[in-house]
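J.: everything below, folded, please.
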Amino acid sequence: MSEATDRSDPSRVPGLDLLRLVAVAAVVLYHYGFWGPASNGVPQVALPYLASYAQYGFLGVPIFFTISGFVIAYSAEVRTPVGFAIARFSRIYPTFLFCMTLTFATILLLGGTNFEVSFAQWAANLFVAAPALGQSYVDTSYWSLVIEIVFYAWVAAFLALGLFPRRIDAIILVWLCITFTNELTIDAPIFEKLFIADDSGFFAVGLLIYEYYRGCRDLKLYSILALSVGTSVFQAIHKLEHLGVHTAGRSTRAS
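T.: Residues are numbered from 1 along each chain as shown. As a prediction, the model looks like this:
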């Protein structure tokens, strides 16, 4: 198999699939052991005795963002901006469309009084970012897909400018600067969405792991990586506090 073929299939990097499995397990544990019963009152599928541990399962999503940072850097290096966009679209959208439509049909047929969905909602979800069109997601988990797409858009733009992956270090430093400037000053929602300011540290760590993977071992890399890891820890703590607000401050400590 040629080097070009190997680099176009980053899923073959040893350990990635195992890390994805860990992230999936964490998210499933989180929803069944904490978020469902604490926020939505769904005792039928709750595992309350796991709540004190399951509350941290939300970190599975940031793990996916970190993996994405690595994988996107790995695959984008050998593609043009247009080729990158086409590759991402063909990999993500057909699967999203199938799963979203399947969920829609299941709710429509079997949702009963507990779940509701409309054809207008389904149509808005065809554009992925349904809330921008005044509709809710068919499945609320698609919020993370919107974040991924914004990340892809930035990568495509930097590819077009010739900055990616050549200037990953500079991109990350500016990105983290914007993140903390927004967090510590105006805290504008538009900046959070446009610059992924709530999850920038996780993507940055993935990008820097890729830099390390391809042979970079200098002090600059380690310094920016330390800054990115610190940002990730800050953002993870911030998310945990935010979850407490959305669950009405319910205690998740074991009794």
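
J.: the lengthiest helix in the chain: which residues count as buried?
T.: Selection of the longest helix in the chain by residue count, based on DSSP state H, yields helix 81-110. Judged by neighbour count using 16 or more other Cβ atoms under 10 Å, the buried positions of helix 81-110 are 81, 84, 85, 88, 96, 100, 103, 104, 107. (Glycine included, C-beta is placed from N, CA and C.)

J.: want to throw these into TSV with distance to residue 116 and pLDDT?
T.: Supplementary listing: those in TSV, determined by distance: Cβ to Cβ, whole Å; pLDDT from 0 to 100:
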residue	distance to residue 116	pLDDT
81	40	94
84	38	95
85	35	94
88	32	94
96	21	96
100	16	96
103	13	94
104	11	96
107	7	92
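
J.: just send those back as a markdown table, with distance to residue 125 too.
T.: Output for the buried residues of helix 81-110, formatted as a markdown table (distance: Cβ to Cβ, whole Å):
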| residue | distance to residue 125 |
| --- | --- |
| 81 | 27 |
| 84 | 24 |
| 85 | 21 |
| 88 | 18 |
| 96 | 9 |
| 100 | 5 |
| 103 | 9 |
| 104 | 8 |
| 107 | 12 |
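
J.: which one of the residues you listed sits closest to residue 55?
T.: residue 103 (25.1 Å; Cβ to Cβ).

J.: touching, the closest one and residue 140? I think so.
T.: No - between residue 103 and residue 140 there is no contact under Cβ atoms under 8 Å: 10.6 Å.

J.: for residue 172, grab the count of nearby residues.
T.: Residue 172 is flanked by 24 other residues according to other Cβ atoms under 10 Å.

J.: that one is in what secondary structure piece?
T.: In the assignment (DSSP states H and E), residue 172 maps to helix 168-184.

J.: hey, C-alpha coordinates of that helix in PDB?
T.: This file holds the C-alpha atoms of helix 168-184, laid out as PDB (Å, rounded to 0.1, in the frame of the first residue of the first chain):
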ATOM      1  CA  ILE A 168      -0.600  24.900  13.100                       C
ATOM      2  CA  ASP A 169       1.300  26.500  16.000                       C
ATOM      3  CA  ALA A 170       0.400  30.000  15.100                       C
ATOM      4  CA  ILE A 171      -3.200  29.100  14.400                       C
ATOM      5  CA  ILE A 172      -3.500  27.500  17.800                       C
ATOM      6  CA  LEU A 173      -2.000  30.400  19.700                       C
ATOM      7  CA  VAL A 174      -4.400  32.900  18.000                       C
ATOM      8  CA  TRP A 175      -7.300  30.500  18.600                       C
ATOM      9  CA  LEU A 176      -6.600  30.100  22.300                       C
ATOM     10  CA  CYS A 177      -6.000  33.900  22.600                       C
ATOM     11  CA  ILE A 178      -9.500  34.500  21.200                       C
ATOM     12  CA  THR A 179     -10.900  31.800  23.500                       C
ATOM     13  CA  PHE A 180      -9.700  33.400  26.700                       C
ATOM     14  CA  THR A 181     -10.300  37.000  25.500                       C
ATOM     15  CA  ASN A 182     -13.900  36.100  24.900                       C
ATOM     16  CA  GLU A 183     -14.200  34.000  28.100                       C
ATOM     17  CA  LEU A 184     -12.700  36.700  30.400                       C
END
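
J.: could you pull out the helices for the stretch 101-250 of the chain?
T.: With DSSP state H, counting those that start in this stretch as the criterion, the stretch 101-250 of the chain has helices at 119-125, 143-160, 168-184, 189-194, 200-213, 219-246.
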